[in-house]
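*Asks:* 3D model of this:
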Amino acid sequence: MGIYLDHAATSPIRPEIKNLIAELYDTELGNPSSRHSYASKAKKVLDDAREEIASILNVNYANVVFTSGGTESDNLAIYGTIRSNLLEATKQKFSTIIISEIEHRAVLNSADEIGKIFQVPVKKIPVDSNGVVLLSALDEILDESAGGISKCNLVSVMASNNEIGSIQPIKEIYTLVKSANKNSIFHSDAVQGVGWLDPTDIVGNSDMVSMSAHKLGGPVGVGVLIIKDDIKIMPQIIGGGQQRQRRSGTNDVISAAAMAMALKLNSKKDHNYFHELKRSFLIDLKTSVAGVTETVPEEFSVDGMCHITVDGVNGEELLFLLDESGVAASAGSACSSGSIAPSHVLMAIGAAEFGKAFIRLSFGWSTSEDDLSQAVLILKKCIEKLRQ
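*Replies:* This is a model prediction of the structure:
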């Protein structure tokens, strides 16, 4: 493999997890919902995975719902909560869905769609130039949305942005939301954040949290939604009623075990190491190449991501040359990589400028100091070639 600096899109699967998956595929596992010895083996693997995740995140065993990944977790949180509360006249009514301007499309589009279906207004919280939610603006929206005890809000703000890495003040947001109306529900998309922030802080200051294994060195196709005890959701997938009627379908036992191991290995990550890695990389890059700027300063962004602007070059051309030279990077979210228009995130922070390249370089478990030293040399060569 060359120099892989696109962990924010997906992280290569860890050897330990690859070995676990191979071992479990060699084990005779049945359907965990059946009643024989093969099923018992599968149920134990599934139960152990759920217990492991619950222990790491300091939540109850029943709070862990396995999904197919971050997008489904976000959809289940948004659709499931709104539908559960609005389809029964005896339940509380949501007055507003509140999200930040820079949410992942899995939240943005879910909120817009369910808002149209049930005629619930969707309000977007603006962010500052660093991509951080303006708490004063959220406070104003919450005040405007106040509808007494019979009405509440569904608020969803990501832990850190998947494109520029900006960290959100989750604790302060949660406090504001609950102060405005204790019955309001707060969800955080932590798919990108859990690899670089303390997941217990995010979960401890949220009612629901979305996570995905493939951002942590696990396989693609498995995630979790953490749901607090008193939160009611309506399932999006209807069937046999597995996972306490919240997500039907035969449980993917092996993927659940892989998700648990990914979180466990992530909890041992040396964040100080990555902090220094990022700092030395940026110093080296900016010293070596003129016209390179961080989109978000270090103090406002996660240690695993560098989003930079490069003057005088085209972003697509730079990414092409980097790929030819063995460096994997991206312009932003892989979910909208086919678009040539400025992203909604760059538009929100006022950074969508012509004549500049916007490049996201993201690190992970396989990134070494030598990788980044080599990446600086290759970036310099590619940028100079394009400028000529």
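
*Asks:* all strands for the stretch 51-200 of the chain, in order.
*Replies:* Listed in chain order, the strands found in the stretch 51-200 of the chain under DSSP state E, counting those that start in this stretch are 64-67, 93-100, 122-125, 151-156, 185-189.

*Asks:* please identify the deepest-packed of those strands.
*Replies:* strand 185-189 (a mean of 28; mean count of other Cβ atoms under 10 Å). The way it works is simple: take the backbone N, C-alpha and C, and place the C-beta from them, glycine included.

*Asks:* for the strands of the stretch 51-200 of the chain, give me TSV that also has distance to residue 169 and mean pLDDT.
*Replies:* Shown next, in TSV, are the strands of the stretch 51-200 of the chain (distance: least, Cβ to Cβ, whole Å; pLDDT from 0 to 100):
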stretch	distance to residue 169	mean pLDDT
strand 64-67	26	98
strand 93-100	11	88
strand 122-125	12	96
strand 151-156	13	88
strand 185-189	11	97
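
*Asks:* could you redo those as a markdown table and give each row distance to residue 353?
*Replies:* Listed next are these as a markdown table, based on distance: least, Cβ to Cβ, whole Å:
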| stretch | distance to residue 353 |
| --- | --- |
| strand 64-67 | 37 |
| strand 93-100 | 22 |
| strand 122-125 | 22 |
| strand 151-156 | 29 |
| strand 185-189 | 27 |
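
*Asks:* to residue 345, which of those strands lies closest?
*Replies:* Of all those, strand 93-100 sits nearest to residue 345, with 10.0 Å by Cβ to Cβ.

*Asks:* tell me where the protein is predicted with low confidence.
*Replies:* 1, 86-93, 146-151, 332-341 (pLDDT under 70).

*Asks:* can you list the domains in it?
*Replies:* As recorded under automatic domain parsing, the domains making up the chain are 3-11+270-387, 15-266.

*Asks:* can you map out the helices along the stretch 1-150 of the chain?
*Replies:* Assigned by DSSP state H, counting those that start in this stretch, the helices in the stretch 1-150 of the chain fall at 15-25, 37-57, 70-86, 105-118, 135-144.

*Asks:* and the direction of the last one versus that of strand 93-100, what angle?
*Replies:* Same thing as helix 135-144. Helix 135-144 runs at 170 degrees relative to strand 93-100, counting by axes from the mean of the first three to the mean of the last three Cα atoms, to 10 degrees.

*Asks:* C-alpha coordinates for helix 135-144, PDB please?
*Replies:* The C-alpha trace of helix 135-144 is given here as PDB (Å, rounded to 0.1, in the frame of the first residue of the first chain):
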ATOM      1  CA  LEU A 135     -24.300  28.700  20.700                       C
ATOM      2  CA  SER A 136     -26.000  32.100  20.800                       C
ATOM      3  CA  ALA A 137     -27.800  31.300  17.500                       C
ATOM      4  CA  LEU A 138     -28.900  27.900  18.900                       C
ATOM      5  CA  ASP A 139     -30.200  29.600  22.100                       C
ATOM      6  CA  GLU A 140     -32.200  32.000  19.900                       C
ATOM      7  CA  ILE A 141     -33.700  29.100  17.800                       C
ATOM      8  CA  LEU A 142     -34.500  27.200  21.000                       C
ATOM      9  CA  ASP A 143     -36.300  30.300  22.400                       C
ATOM     10  CA  GLU A 144     -38.300  30.800  19.200                       C
END
